[in-house]
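# after the sequence you'll find the predicted model.
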Amino acid sequence: MTSMADLFRDFWWLLFPMAFTAIGIFRQWLNWRARLELTQTLRAFAEKGLEPPAALLNQLK
């Protein structure tokens, strides 16, 4: 029977693609959160009838 140490020794290199995948997923989640906050801020400006600052509009690009 194969022990966990044997599995780790044979497949240690899989940690790298798994880590890169996890980092990519986390970065996408952070981008989604930033976009959501920007959308909510722009919605608040629209509800008040105010013109949003140009810096906020530039973040949409």
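Right, received. Where do you want to start?

# all helices for this protein, in order.
With DSSP state H, the ranges of helices along the chain come out as 4-11, 15-48, 54-58.

# now render the ones you listed as JSON lines, adding mean neighbour count and mean pLDDT.
The way it works is simple: take the backbone N, C-alpha and C, and place the C-beta from them, glycine included. JSON lines is the format used below for the helices of the chain (neighbours: other CB atoms under 10 Å; pLDDT from 0 to 100):
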{"stretch": "helix 4-11", "mean neighbour count": "9", "mean pLDDT": "91"}
{"stretch": "helix 15-48", "mean neighbour count": "10", "mean pLDDT": "97"}
{"stretch": "helix 54-58", "mean neighbour count": "10", "mean pLDDT": "92"}
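
# distance check, residue 45 against residue 53.
From residue 45 across to residue 53, the span is 9 Å (CB to CB, to the nearest Å).

# need the residues touching each of those two.
Common neighbours of residue 45 and residue 53 (criterion: CB atoms under 8 Å, 6 or more residues apart in numbering): none identified.

# what's the separation between residue 3 and residue 32?
Relative to residue 32, and taking CB to CB, residue 3 is found at 40 Å.
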